[in-house]
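K.L.:
Dropping the sequence and predicted coords here.
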Amino acid sequence: MLLGNKLIRNIVTTKQMCLVYLIRRNKMATRATIEFSDDDYYKYYVYRHHDGFPENILKDLQDTIDLVKGRWSEPEVECLVTLFLASKWDYKKERCPDYQITSNFHGDESYRYYCKWNKNDKEWKFGVMPGYEDDED
């Protein structure tokens, strides 16, 4: 069965409308990777496949950092990553966690984040990596 040009245009238009709708409703995968590091020696990467928007990731990072304030005398980045992963997954209610360990940046992220120990201030600094900030336009 051959499809006419008009029908093909209608299918494409419908798919485009669905895509725009999904993007506006934030239902599409918004991938993100967080790089945790202490003095650039140890680095660990955590990946989130969906909802990697700053309002989600930055809040989760802040919540975790608030939990560890005063807990360790050194950065203990391994412990921070472990706590970050454990505190963000209710395994009894959710089939899969939002976050998972990964080996590096994936390359297809919408956002990249850092969480780095600042040895001078003796505190964790975090944020969106340069070049991955939201456009304010």
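P.N.:
Happy to help now that I have it. Numbers count the residues shown, from 1 in each chain.

K.L.:
what about the spatially closest residue to residue 106 that is not a sequence neighbour, which helix or strand?
P.N.:
Nearest non-adjacent residue to residue 106, counting by Cβ to Cβ, 6 or more residues apart in numbering: residue 33, 6.1 Å away. All C-beta spots, glycine's among them, are computed from the backbone N, C-alpha and C. Element membership of residue 33, judged by DSSP states H and E, is strand 32-38.

K.L.:
which other residues reach that strand?
P.N.:
Applying Cβ atoms under 8 Å, 6 or more residues apart in numbering, the contact partners of strand 32-38 are 43-48, 52-53, 57, 61, 75-77, 80-81, 84, 102, 104-106, 109-117, 129.

K.L.:
Quick check: can you name the pairing partners of it and their directions?
P.N.:
Looking at strand 32-38 with DSSP bridges, its partner strands are strand 42-48 (antiparallel), strand 111-118 (parallel).

K.L.:
hang on, residue 30 packs against residue 111?
P.N.:
Yes - under the criterion of Cβ atoms under 8 Å, residue 30 makes contact with residue 111 at 7.2 Å.

K.L.:
Just send the strands paired with strand 32-38 back as a markdown table, with distance to residue 90 and mean pLDDT too.
P.N.:
A markdown table is the format used below for these (distance: least, Cβ to Cβ, whole Å; pLDDT from 0 to 100):
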| stretch | distance to residue 90 | mean pLDDT |
| --- | --- | --- |
| strand 42-48 | 16 | 95 |
| strand 111-118 | 22 | 96 |
